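Undergrad: Task: produce atomic coordinates for the following.
(one chain, ligands or ions: 1)
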Amino acid sequence: MGLSDHPTVKRYLEQKNSSSKAAVQQILDSDMLKKLAVESGADDAGLVSIDDPSLADQRQDILSTFPKCQSLLSIVCRLNRNNVRCIDRAVSDTEYILTFHRVNEVARRITATLEKDGINALYPASGFPMDMSKWPGKMWFVSHKTVAQAAGLGVMGLNRIVIHPRLGNFIVLGTVLLDRDVSAIDNPLDYNPCIDCKLCATVCPVGAIGTDGYFNFANCMTHNYRDRMGGFQNWVENIVTSNNIKTYRRKVCDKETVSMWQSLSYGMCNKSSYCMAVCPAGDDVIGEFLDDRKKYITEVVKPLQQKEEIIYVVPGTDAETHVVRKFPNKKTQKVSNGLRPDTIKNFLASLPVVFQRGIAKSMDTVYHFRFTGDEECESTITIRDSSLIVQNDLVGDPDILVEADARTWLNFLAREKNLVAALAQRRIKIKGSPRLMQSFAKCFPS
Ligand code: B12
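TA: Predicted coordinates:
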């Protein structure tokens, strides 16, 4: 039997010639897509083109994963507020776990319906799984927040969470990538629903949210995601480096061991997410705050601030100082966040993520780095006025020049290679005061 006589091939050719297939739209009707999203369980939806300028920095990631992508359908699912705000984090975790699943289900339903109609679509997870082969770099190829903003579904507030004009920040986001253009795209909102009350900054136990809009990713992740990714890696290393049960128990208390079990078996749990819990923005949400602010603070904010709990911090971070200063009722536990670059490219990219601006307050130093061996590259790192600038190439006059064999440098960061030995072997060479190296290390603890 030749291929053209095969029953599947025959049916395909018959169908291809039939009128119904010929009617597949080349441009998708936007109202139809949004209706489909709502019928599939979304609370709101919006559309954006892959050519939208705000997606420029992720276009390549998206197209290398789904080369057919022409437009993106952003979807929003509501979170139940009282669960998110509940002092018992298990109650809030239940809401997060179920809503993240719901977004996946909604996106999957939309994708399946479109695929049945001959339209190619693809949905990435709302959160996890992500491409862990990219850890500790960017493991997601679609930033749902950026897509949602471009599609007019909200704007990132001071807490760096997208705030929907009606539902507030109590939303989980998803995206469906579509293989063709749509009849109408949406415009971004013309205002930010964030009311700049700064409650998110006052409630964050690790001080990750600055009142000036600064966000410390690593400090947030170290505490909130203690049971995931880097926190999990640190737990495994605690097991490996414990030669008996007493040592393990000194490093990890029983509560933490069972918490890890819970996250692994039931779904990811968060240690905080308080920034989302206290946000009063959004038409459906703001009433409680505006009607009686004192009551709102007493009922929503204070219980989270006053909660006695363990806060996970990397020693020497701004987070450690913050807990001691602002939350004497909370206890810090010193941990590693597991963020350990495996390439020089990752090392340079991770610097803004782990930078501790409070520690860098009095610094004014230009570092030149020249890497040789496995990865040859040059970079200028300027730490000045509590801020960090990472540039390619050697720019300006440095206060210190560090020349390092790339592999040796990464092993040193992973604490597998001693700096003194590396200096003696001339695998790392320093021209400048070694004190500046110490100050550098203090700005990027992990
Ligand atoms: C990475 C990530 C995090 C990181 C960084 C958060 C951040 N602000 O970017 C951490 C671990 C800290 C985090 C925490 C939380 N997250 Co989160 N997270 C993501 C993820 C995967 C990508 C975020 C993103 O788009 N960043 C890019 C741009 C838009 O943001 P940015 O602030 O400029 O980006 C910086 C960081 O991403 C950072 N960065 C780069 N590489 C790396 C690598 C690592 C390891 C880290 C930590 C950071 C980092 O550098 C970027 C440039 O400055 C998305 C899911 C997705 N696929 O989109 C969910 C998402 C943003 N998270 C979400 C939520 C709900 C949370 C939490 C409340 C925890 C929870 N309960 O799930 C907290 C809130 C913290 C906060 N105030 O932002 C929701 C937000 C929903 C909304 N309404 O906006 C999303 C959209 C998931 C979803 N499907 O809804 N998250």
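
Undergrad: Low-confidence ranges, this protein, go.
TA: Low-confidence segments of the chain (pLDDT under 70): 19-24.

Undergrad: Please list the residues of it that sit near the ligand.
TA: Neighbours of the ligand within the chain, by CB under 6 Å from any ligand atom: 96, 126-127, 136, 138, 140, 142-146, 159-162, 169, 171-174, 215, 217, 220-221, 224-225, 270, 273, 275-276, 353. In this view, the C-beta of every residue, glycine as well, is placed from N, C-alpha and C.

Undergrad: how about a cut-off of 5 Å?
TA: When proximity is defined as CB under 5 Å from any ligand atom, the chain approaches the ligand at 96, 126, 138, 140, 143-146, 159-162, 171-173, 217, 220-221, 270, 273, 275-276, 353.

Undergrad: from the residues you listed, which ones fall inside helices?
TA: The helices, defined by DSSP state H, take in 96, 144, 145, 146, 217, 220, 221, 275, 276, 353 from these.

Undergrad: ok, of those residues, which come out buried?
TA: The neighbour count (16 or more other CB atoms under 10 Å) marks 96, 144, 145, 146, 220, 221, 275, 276, 353 as buried among those.

Undergrad: if you skip the residues just before and after it, what's nearest to the fifth one?
TA: The reference is to residue 220. Closest residue to residue 220 apart from its sequence neighbours, by CB to CB, 6 or more residues apart in numbering: residue 208 at 4.0 Å.

Undergrad: what residues are up against the one you found?
TA: Shown in contact with residue 208 (CB atoms under 8 Å, 6 or more residues apart in numbering): 215, 216, 217, 219, 220, 275, 319.

Undergrad: Could I get the contacting residues of residue 352?
TA: Residue 352 touches 388, 390, counting by CB under 8 Å, 6+ apart.

Undergrad: still on that earlier bit, could you dump the ones in helices among the residues of the chain next to the ligand into JSON lines with distance to residue 399 added?
TA: Output for these, formatted as JSON lines (distance: CB to CB, whole Å):
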{"residue": "96", "distance to residue 399": "45"}
{"residue": "144", "distance to residue 399": "41"}
{"residue": "145", "distance to residue 399": "37"}
{"residue": "146", "distance to residue 399": "36"}
{"residue": "217", "distance to residue 399": "27"}
{"residue": "220", "distance to residue 399": "31"}
{"residue": "221", "distance to residue 399": "31"}
{"residue": "275", "distance to residue 399": "37"}
{"residue": "276", "distance to residue 399": "41"}
{"residue": "353", "distance to residue 399": "24"}
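
Undergrad: In which helix or strand does residue 312 reside?
TA: Residue 312 belongs to strand 310-313 when assigned by DSSP states H and E.

Undergrad: so after that strand, what's the next helix or strand?
TA: Next helix or strand after strand 310-313 toward the C-terminus (DSSP H and E): helix 318-326.

Undergrad: Give the next helix or strand downstream of that following helix.
TA: Next along the chain after helix 318-326, taking DSSP H and E as the criterion, comes strand 331-334.

Undergrad: Partner strands of that following strand, with direction?
TA: strand 310-313 (parallel) (DSSP bridges).

Undergrad: roughly how far out does the strand it pairs with sit from the chain middle?
TA: With CA atoms, centre = their mean, to the nearest Å as the basis, strand 310-313 stands 19 Å off its chain's centre.
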